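Take this sequence and fold it.
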Amino acid sequence: MKEALRKQVAEAWLFREKVEHEAAQRFARLSRSIAALDPDSPVPALMARAADDERRHAALCASLAASCGGQRAPPAAFPGIAPRQLAPREAGLYEVVAACCITETESVATVTTLLAGDAEPDVREALHAIARDEVVHSRMGWTHLAREAQRGDVSFLGGWLPAMLRGTITDQFEPPSEEPPELLRYGILPRAKKRELFVGTLEEVVFPGLEQFGIDLVAARAWLDDRKATANREGARDAKLL
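Okay, the predicted model is just below:
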């Protein structure tokens, strides 16, 4: 493997390790808070197991990064992401929807796409392990949303969807850079494919799912349309400069 490719692969898996550690902290915290608010819910037990899953995923990511010379950093404390003005129950729902219904659902699509390619054996093994868990993590978010919708009105989430979506993007909407095709073998999607999956998962899975619970998607769709339009303009501008 060329040095530039090795560095890019190591950085990608180190970033994923960080994300997995953050998810582990989030799920452990949500497990406790949901149990206090909804003692009969099956979600807290699922969240506790999900926290363990994410710690295992972090170890897998760290191992793949280390195989390319990546230096792991100690996991940092990760605070909640819900807006401070929300009450505890609404804040918990906000974070579950952002983390599970959006992020984990998108992650399932990403890992499934990577597994369809010709990945290196150690990468494929890690992706298989992650994929099995991410499906469950996505479902537990939809389960919690359904329970909260039975209890009361969850439409307040509509106005917060753009903030949730901003928190899920990394480089999906940046202009595509020169990316070696070998990246796919090491579990890394090109930016153009990332964007395609992100948009497709929102439009085909996440948005229809949220709409079933009476959540208004006007703000979310406007945000997505704006990001797509901006990315297209920037892509066209960069193409003219080449």
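
what residue is smack in the middle of this protein?
Centroid-nearest residue in the chain: residue 103, 2.9 Å away (criterion: Cα atoms, centre = their mean).

Just give the number of residues close to residue 170.
11 (other Cβ atoms under 10 Å). From N, CA and C alone the C-beta is placed, and that goes for glycine too.

Isn't the residue nearest to the centre of the chain up against residue 168?
Yes: under the criterion of Cβ atoms under 8 Å, residue 103 is in contact with residue 168, at a separation of 5.2 Å.

low pLDDT regions in this structure?
Along the chain, segments meeting pLDDT under 70 span 1, 175-177, 235-242.

who are the neighbours of the helix ranked longest in the chain, in terms of helices and strands?
Counting by DSSP state H, the longest helix found in the chain is helix 3-37. In terms of contacts (3 or more Cβ pairs under 8 Å, 6 or more residues apart in numbering; DSSP states H and E), helix 3-37 is packed against helix 43-66, helix 88-96.

Mind giving me the packing neighbours of the last one?
On a contact count with 3+ Cβ pairs under 8 Å, 6+ apart, helix 88-96 meets helix 3-37, helix 121-151, helix 157-166.

buried ones in that helix?
89-96 (16 or more other Cβ atoms under 10 Å).

With stretch 45-59 instead?
46-51, 53-55, 57-58.

Output it as PDB, nothing but the C-alphas.
Only the C-alpha atoms of stretch 45-59 are listed here, as PDB (Å, rounded to 0.1, in the frame of the first residue of the first chain):
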ATOM      1  CA  ALA A  45     -31.800  -2.800  27.800                       C
ATOM      2  CA  LEU A  46     -31.200  -2.500  24.100                       C
ATOM      3  CA  MET A  47     -29.300   0.800  24.600                       C
ATOM      4  CA  ALA A  48     -27.000  -0.900  27.300                       C
ATOM      5  CA  ARG A  49     -26.200  -3.700  24.900                       C
ATOM      6  CA  ALA A  50     -25.600  -1.100  22.100                       C
ATOM      7  CA  ALA A  51     -23.100   0.700  24.200                       C
ATOM      8  CA  ASP A  52     -21.100  -2.600  24.500                       C
ATOM      9  CA  ASP A  53     -21.500  -3.100  20.800                       C
ATOM     10  CA  GLU A  54     -20.000   0.300  20.100                       C
ATOM     11  CA  ARG A  55     -17.000  -0.400  22.300                       C
ATOM     12  CA  ARG A  56     -16.400  -3.500  20.300                       C
ATOM     13  CA  HIS A  57     -16.700  -1.500  17.100                       C
ATOM     14  CA  ALA A  58     -14.200   1.000  18.400                       C
ATOM     15  CA  ALA A  59     -11.700  -1.800  19.000                       C
END
